[in-house]
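Asks: What follows is a predicted structure for the sequence shown.
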Amino acid sequence: MVTEEGAGRVEKILPRRSLLSRPAKSGATRPVAANIDQLVAILAVKPNIDALLLDQYLIVCELQDITPLIVLNKIDLLDEAAKQKIDELVANYRHLGYDLIKVSAKDKSGLQQLNQQLCDKTSILVGQSGVGKSSIINALIPDLALQTKVLSTVSGLGKHTTTSSTLYKLANSGEVIDSPGVNIFGLANITEYSLASGYREIRQLADQCKYANCLHLREPKCAVKEAVENGAMSQARYARYLKLREKLST
Ligand SMILES: Nc1nc2c(ncn2[C@@H]2O[C@H](COP(=O)(O)OP(=O)(O)OP(=O)(O)O)[C@@H](O)[C@H]2O)c(=O)[nH]1
Ligand SMILES: [Mg+2]
Ligand SMILES: [Zn+2]
């Protein structure tokens, strides 16, 4: 606050804006990164699109007030067979209000748009190994030459190339953190109720459920299940909600 003489006084130390954690031994959690403004969840046409992992990232964003951005990389590899499935997924997340941009680190398409979204804030790039996190940062900062790895031709899967999180400064005064391609925060600190409210469409519907403590499983007069039945909520997203609930209880 400002005192009479115009001098300032420290009222309180502000809490960290956000804290991403990952599960550690015996139910404890370990911090991964603090004061993140934006989480960029990277998906890639190859190796495969892991929507369950994407939902986990989005839940963390919903609960921690971190802006999510979804980036679909490697669109240079998109063929007709993959296109329909991906279009559906893209439409679903955009319909939910998530920003989603399509890029190719290889031919540099979409990178200008991505660069704009990274302006003036600190973002962490996350996603399974091999989706191209380091390649995207390399493409945004041409002098950097971060190590990336050729995907195994047998499995199409990446090996973990990046082993620790590192922060890089962009020319547009944004900062990006490259993270290793592991499931870095999982479901740390998430309860069955916070999981439900981490699905934004479930959170919006929940107050129309008959029971205030409805978990949208087998309860009667559940607005969420009704929405799934009449197509207002994506069946695939609901199925992932159920899957993550199972993961929580194991
Ligand atoms: N065709 C194509 N290949 C790409 C693209 N982006 C990245 N790759 C390739 O995908 C592989 C993995 O890229 P990385 O940047 O190492 O992936 P990463 O997400 O950093 O992986 P980890 O560090 O293991 O987490 C490399 O062989 C890249 O050349 C793209 O837009 N198109
Ligand atoms: Mg990497
Ligand atoms: Zn319900």
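Replies: That came in fine, so what should we check first? Ligands and ions are numbered 1, 2, ... in the order given.
Asks: before we move on, could you check phi and psi at Thr122?
Replies: The phi/psi pair for Thr122 (degrees, to the nearest 10) reads phi -100, psi 120.
Asks: Now it: closest residue in space that isn't a chain neighbour?
Replies: Distances taken as C-beta to C-beta, 6 or more residues apart in numbering place Glu175 nearest to Thr122, at 4.5 Å, with adjacent residues excluded. Bear in mind the C-beta positions are built from the backbone N, C-alpha and C, glycine included.
Asks: In terms of helices and strands, where is Trp176?
Replies: Wrong residue type there; residue 176 is Val, not Trp. strand 175-178 (DSSP states H and E).
Asks: about what we covered before: the residue nearest to Thr122 contacts Lys169, correct?
Replies: Yes. Using C-beta atoms under 8 Å, Glu175 makes contact with Lys169 at a distance of 5.6 Å.
Asks: more neighbours, the two?
Replies: Summary of the neighbour comparison: Glu175 and Lys169, criterion other C-beta atoms under 10 Å, with Glu175 having more neighbours (16 against 10).
Asks: tell me the pLDDT at that one?
Replies: On pLDDT, Glu175 comes in at 93.
Asks: and it, what does it touch?
Replies: Listed by C-beta atoms under 8 Å, 6 or more residues apart in numbering, the contact set of Glu175 reads 121-123, 167-169.
Asks: what's the answer for Lys243, then?
Replies: Neighbour list for Lys243: Leu52 [criterion: C-beta under 8 Å, 6+ apart].
Asks: residues near the closest residue to Asp99 other than its chain neighbours, how many?
Replies: Nearest non-adjacent residue to Asp99, counting by C-beta to C-beta, 6+ apart: Leu69, 5.2 Å away. Per other C-beta under 10 Å, the neighbour tally for Leu69 reads 20.
Asks: does Leu69 sit in a helix, a strand or a coil?
Replies: Secondary structure for Leu69, judged by DSSP: H, G, I helix; E, B strand; the rest coil, is strand.
Asks: Also Tyr98?
Replies: With three-state DSSP as the criterion, Tyr98 was assigned coil.
Asks: Output the below-cut-off pLDDT ranges for the chain.
Replies: Residues of the chain meeting the criterion pLDDT under 70: 1-19, 21-34, 145-163, 181-186.
Asks: Spell out which residues of it are next to ligand 3.
Replies: With C-beta under 5 Å from the ion as the criterion, the chain meets ligand 3 at residues 209, 214, 216, 222, 224.
Asks: So which of the residues you listed sit within helices?
Replies: Val224 (DSSP state H).
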